[in-house]
Every structure is written in C-alpha cells, then in structure tokens.
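Novice: My questions concern the predicted model and sequence given below.
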Amino acid sequence: MEQMRQVGKMELVNTCNELNAAYAADGYARIKGIGCVCTTYGVGELSAINGVAGSYAERIPVVVLTGAPSVVAEKKGTKLHHVFNKYVSPRKMFKEVCVYTCHLDDAESAPREIDAAIVACLSQQRPVYISLPADMVHAKCVAPQKKLEAIVPEVDQGALEEALKEAAEMINKSSKPLIIGDAEIERYKLENQFAALLDASGLPYTTLMMGKALLNEDHPQFIGIYLGNQSRAYVKNRVDTADVVLQIGLVMSDLNTGGFTIAIPADRSIEVFYDRVKIKNHWYEKVEMKNFLEGLAKLLKKKDPSTLDIHKATEGCTFKKANGYKPDPSKELTVSRFFDRVSHTIPKNAIVLAETGLSEFGVSEILFPENAKFIGQVYYGSIGYTVGATLGVAVAAPDRPVVLFIGDGSFQVTAQDLSTMIWRKLKPTIYLLNNDGYTIERLIVDGPYNDVNRWKYAELPAIFGGEKGYKVATEGELESALTEIEKRGNSQLNFVELILDRMDCTESLRHAGSSMAKNNFIQTK
C-alpha cells in the first residue's frame, strides 16, 4: 500500500473491513470494467473471500492483491500472526473463487505472472488472485515490454455459419418470435450488438432480473421483466405463446428464473451463450456470442411490429412515473405505495443498487428512466453486498446519481461503510426499508432467527459524521423527506428510513418465497 501511495497512479480507498472492500471492488468493476481489492494475508484475505466468491459467481473482473509473509519466513515455517494451518492454505482456497492465482516469490517470473492474471481477469470476466510476499516488494524485475494482449477465443467458422443459418431460418419462418436478454450481454459489453439485432429484427424483447436496464426501458420493443411464473400476466403469456424464443446470455439461477419456473420447450428454443449456441437439442461449440449476434442481425428479415403482440413496458410496468401519484398524508406507508412514489424520483443516468430480497424485487418492477443502470447481486445473493458496492459505484461514478435500496437486516451486516461514504463526501441516496427483520426469509419459513435488533437507523449518518437521516412512516412524512432532499440537490448523502409492516412485500417476492420454500422442502425429501 505504501508503494502504491508513493507511485501515486492509483487511488487507495480505505474501508472499515475487508468484506466491504471486496464488495466495493465489485461495484467499482461493474462501472469501470475492473476493480482491485487489497488485503493482508490470512485474516484479511479470508474476510474478503466471500465478496470475491460473489464476483466469481456473477462474472465480475476483480483483482485480489494480498500482502503475504516473506519468502524467507515461509521457507522457515515461522509461526507468524495471521497464519493458520499452512502458509499455502489461503492460496489453495482462492483457487476455488478465482480463474487465475499466483504467488510472486520469484522476481524473474513475476511480470509474466502479473500480466497473465490481468489478461485472465479481463478475458474471463472473473476474479484473479495475486499474492505478493513482503520481501519481494522492492525486488527488481524486467519492465513490461508491450501492451497486454487479450486472449482470442478459438472460433469454429463452419459451426458459426451453420448455427446462423439454422437460427435465421427458424426465426424468419416464425409468426410470433421473442427475444430474452440477460446478464452475459452486459458482462461481455455486447449491448450495441444486442440493440442492433433488435433494430434489424423488430422483435419484442424481455430480460430476466439480472439483465434489467440492459437497454433503455422505454425501448419500443421492450415488454418488461420476465420471471417465469412470477411475471406480469401479459409478459408470461407472451413468452409462453412465442413460437420461437431467442435466449441470449441467460443466467438460469433460482431467483433469476422465478424459482426455476422458466421452461422454454426445446423445439422452439435458441440459446446463445458466450462461447457456444444451442438450437433445439443440439449444440454448436466454439461460436462466440459477439459473432453470432452480428451475423444474425444481417440474416433476419424485419417483422412488422403490429403483428407481434407488443405491449410496451412503458404502458405495463407496475411502478412508473406515468402512473401519477397523489399522497394521502395520514396513511401508513406500504411497499407498493413507496415504490410507486419513488419511481417518480429516480433521475436519468442514475445507478440504482438493490439489495437481495424485497428491495431487489420492488426495484425490478420500476420502469427506469433514460440511461439508468441496475446493479443487484441476483445470483449470489450475499446479504449486505450493496453497502460496499454502493461505495465502489459512488467512487467510480462521482458525477452520476447513485441510489441504494436496502432492507434493515441486510444493512446490519455491512453498515460500517456508511461512514466511509460520509468520510469521502460521497452523495448516494439511501432508502432503508425497515420491516423489522428478514421478510424474504419469513416468506420461506418464519421464526426468531429472522429477527434483528431495532437500530435507530436514521440517526446513524449523524453518528458517522454526516447529517441526520429521515425516518418516515406515513405518505405525508415521505413526501416531506423527498421535498427536503430535492431542495438539497446533490450536496450530500441522503438517508431515508422507511417504517413498513414486516410482512408487506411485492407479489413477486411472495411468489419467490413460496418457490424457495417448496424447493427447500423437495430437496430434503
């Protein structure tokens, strides 16, 4: 860290703990394209490993840099603090959550190892691990001789052409096709190719939750979020009745598929992955998503939108500005009314983070404004992730509005780095949904294990050196808080604690809880 400070080309952001540092690096990487978390060995890196595992699961490129004991100490087997079992033990553990790991105990090979790690990180969009012993920090090595070169995946041109021909014929002959897009499009930065395909085909499209706001949600072909049986009735029916479904970059996890309720029949399915394509029941290997999307856009005949049963999301989304909103000042706040109201406040170009559970499901039903971006850990679902991620996002994008939605239980896991945001004068708007514990868990099975201590959440920003937050329980109090926040502009961090009934939630979350309870029960039989 001292070497980084002296070199001066990297900014060091201190966090309250290593777990939040890993989450912050993840959030930063989602905006900037790569992030780095730096810890000490043993106790530090193992505190961070859960956050790194989330980056691995969600395909986020993060470099883990660990300051390790000296090569001499390791050779002698010295019983140093922070060491457990064997010196090599943490390095073995990180092999499970990183696509490349290295221990820089040799100055001659260190540059090659560092280059290989960074290339792997960017090529595979997953974390890598670099362990730097204390006595190697000042060791001299050969300077980089050339720019890093990305790994070019092997492409089977014959397979690509056959896949394109079959897919294009299937779609061109169909009468009611549909496209589903998801996270891998964004992970591999193929939004432009996806948009070009939509423009060339005229087809309606939906996304899973992880793909929310893949393109602007006022797109004339966007029909809304698809969550299997948890979807709005029209969206579910439109997918169910499609005679061809082109699925691009889907992550088929439980929360991303409405509790595994997405089941497109193989005879009308085209599935596009980063490096392969499946059409009906057969695979085309070594076919890159980028090449496939570009090639398909050239082969598809543009269909007349009036024949495709397109109900735009701008007309159907549950929470949207167009709905209008009139507060009843004395009425107790509900989840539905809150998300209805807050849908009017999210600005253009905002980065919106939503914590696992109620926040995530509520935000997924908001129609986002122009150029807004969604961040949520839908697949890995480590509660508390979004506090650290908000820190990283706010550092990465200081000129963009940042909005966080998080529940009280999740906030308690990682709350300390609210102080880091205040310390660094970052200015996110944070909505804390206080429903007295873990509502998503109560929907699966309830008990005292879902309870948390009742903190005075709205007072925490002042305790951490900022301004006191707002505590609201009625529609009138929410309106007053939002009016004050609007007057402040973008001058400081805003924190709003919302008092909600413990079982109040969106219907989609209720269905998700029921699905998870069912799956848990089935798996124990």
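Specialist: Arrived safely. All values reported here derive from a predicted model rather than from experimental measurement.

Novice: Tyr141 against Ala110, yeah?
Specialist: Just so we're on the same page, residue 141 is Cys rather than Tyr. Yes. Using CB atoms under 8 Å, Cys141 makes contact with Ala110 at a distance of 5.2 Å. Just so you know, the C-beta spots here come from the backbone N, C-alpha and C atoms, and that holds for glycine as well.

Novice: just how off-centre is the host helix or strand of Leu391 within its chain?
Specialist: If you go by DSSP states H and E, Leu391 is part of helix 385-396. Relative to the chain's own centre, helix 385-396 is displaced by 11 Å; criterion: CA atoms, centre = their mean, to the nearest Å.

Novice: Quick check: Arg400 is in a strand.
Specialist: No. Counting by DSSP: H, G, I helix; E, B strand; the rest coil, Arg400 is located in no strand; its state is coil.

Novice: could you say what helices and strands the helix holding Leu391 packs with?
Specialist: helix 18-32, helix 43-58, strand 351-354, strand 373-375, strand 402-407, helix 408-414, helix 418-423 (3 or more CB pairs under 8 Å, 6 or more residues apart in numbering; DSSP states H and E).

Novice: Now tabulate the ones you listed in JSON lines and tack on distance to Lys236 and mean pLDDT.
Specialist: Formatted as JSON lines, these follow (distance: least, CB to CB, whole Å; pLDDT from 0 to 100):
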{"stretch": "helix 18-32", "distance to Lys236": "29", "mean pLDDT": "98"}
{"stretch": "helix 43-58", "distance to Lys236": "26", "mean pLDDT": "97"}
{"stretch": "strand 351-354", "distance to Lys236": "22", "mean pLDDT": "98"}
{"stretch": "strand 373-375", "distance to Lys236": "21", "mean pLDDT": "98"}
{"stretch": "strand 402-407", "distance to Lys236": "25", "mean pLDDT": "98"}
{"stretch": "helix 408-414", "distance to Lys236": "29", "mean pLDDT": "97"}
{"stretch": "helix 418-423", "distance to Lys236": "39", "mean pLDDT": "98"}
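
Novice: ok so, going back, what residues are shared contacts of Cys141 and Ala110?
Specialist: Common contact partners of Cys141 and Ala110 (CB atoms under 8 Å, 6 or more residues apart in numbering): none.

Novice: the more surrounded of these two?
Specialist: Between Cys141 and Ala110, Ala110 has the larger neighbour count (other CB atoms under 10 Å), namely 19 against 15.

Novice: Let me see the backbone angles for the residue nearest to the more buried one when sequence neighbours are not counted.
Specialist: Distances taken as CB to CB, 6 or more residues apart in numbering put Leu104 closest to Ala110, at 4.4 Å, once the chain neighbours are dropped. Here the main-chain torsion angles of Leu104 (degrees, to the nearest 10) amount to phi -80, psi 70.

Novice: so how far is Val342 from Leu104?
Specialist: To Val342, Leu104 is 48 Å away according to CB to CB, to the nearest Å.

Novice: Check Asn450 too.
Specialist: Taking CB to CB, one finds Asn450 at 25 Å from Val342.

Novice: Looking at those two, which is more packed in?
Specialist: Val342 (22 against 18).

Novice: What does the pLDDT read for that one?
Specialist: pLDDT recorded at Val342 is 95.

Novice: Ok, the one 5 residues further on next?
Specialist: Looking at Pro347, its pLDDT is 94.

Novice: Who's the closest spatial neighbour of it, skipping the chain neighbours?
Specialist: Pro401 (4.8 Å).

Novice: Next, the one you found: phi, psi?
Specialist: phi -60, psi 140.

Novice: Buried residues, stretch 334-350. List them.
Specialist: 335-346, 350 (16 or more other CB atoms under 10 Å).

Novice: So which of those is the closest to Ile262?
Specialist: Checking the buried residues of stretch 334-350 against Ile262 by CB to CB gives Phe339 as the nearest, at 23.9 Å.

Novice: I'd assumed Glu365 was in contact with the closest one.
Specialist: Yes. With contacts counted by CB under 8 Å, Phe339 reaches Glu365, the gap being 6.9 Å.

Novice: Touching both of these two, which residues are there?
Specialist: Thr318, Phe319, Thr506.

Novice: separation between the nearest residue to Gly409 once chain neighbours are set aside and Gly407?
Specialist: Leaving aside its sequence neighbours, Gly409 sits nearest to Tyr438 (CB to CB, 6+ apart; 4.4 Å). Tyr438 sits 7 Å away from Gly407, going by CB to CB.

Novice: quick one on the thing from earlier: I'd like the helices and strands packed on helix 385-396 laid out as CSV, including mean neighbour count and distance to Asn281.
Specialist: Rendered in CSV, the data for those read as follows (neighbours: other CB atoms under 10 Å; distance: least, CB to CB, whole Å):
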stretch, mean neighbour count, distance to Asn281
helix 18-32, 27, 35
helix 43-58, 22, 28
strand 351-354, 26, 36
strand 373-375, 23, 33
strand 402-407, 27, 41
helix 408-414, 23, 41
helix 418-423, 21, 50
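
Novice: out of the ones you listed, nearest to Thr386?
Specialist: strand 351-354 (4.6 Å).

Novice: partner strands of that closest one, parallel or antiparallel?
Specialist: The strands beside strand 351-354 in its sheet (DSSP bridges) come out as strand 373-375 (parallel), strand 402-407 (parallel).

Novice: Low-confidence ranges, the chain, go.
Specialist: Within the chain, the ranges that satisfy pLDDT under 70 run 521-525.

Novice: how does it look with 90?
Specialist: By pLDDT under 90, the weakly predicted segments of the chain are 1-11, 79-80, 83, 143-153, 259, 316-325, 440, 444, 488-491, 505-525.

Novice: got a list of contacts for stretch 346-353?
Specialist: 27, 31, 213, 363, 366, 368-376, 386, 389-390, 393, 397, 400-406.

Novice: meant to ask about stretch 412-428
Specialist: Contacts for stretch 412-428 (CB under 8 Å, 6+ apart): 13-17, 19-20, 23-24, 383-385, 387-388, 390-391, 393-395, 398, 402-404, 430, 452-453, 455, 460-461, 464-466, 490-495.

Novice: what does stretch 131-147 give?
Specialist: 3, 41, 65-72, 74, 90-91, 101-105, 107-108, 110-111, 115.

Novice: Go ahead and build a ChimeraX selection from the buried members of those residues.
Specialist: Only the buried entries of the contacts of stretch 131-147 go into this ChimeraX selection, using 16+ other CB under 10 Å:
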select :41,65,66,67,68,69,70,71,74,90,91,101,102,103,104,105,110,115
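
Novice: Show me the contacts of stretch 131-147 that map onto helices.
Specialist: Mapping these onto helices (DSSP state H) picks out Gln3, Val71, Val72, Glu74, Pro90, Arg91, Ala110, Pro111, Asp115.

Novice: which pair in the residues you listed spans the largest distance?
Specialist: It's Val72 and Asp115 that sit farthest apart of those, by CB to CB, at 26.0 Å.

Novice: just to revisit the earlier point, nearest to Lys278, of the helices and strands packed on helix 385-396?
Specialist: Using CB to CB, those put helix 43-58 closest to Lys278, at 21.8 Å.

Novice: Many thanks, I have nothing further to ask.
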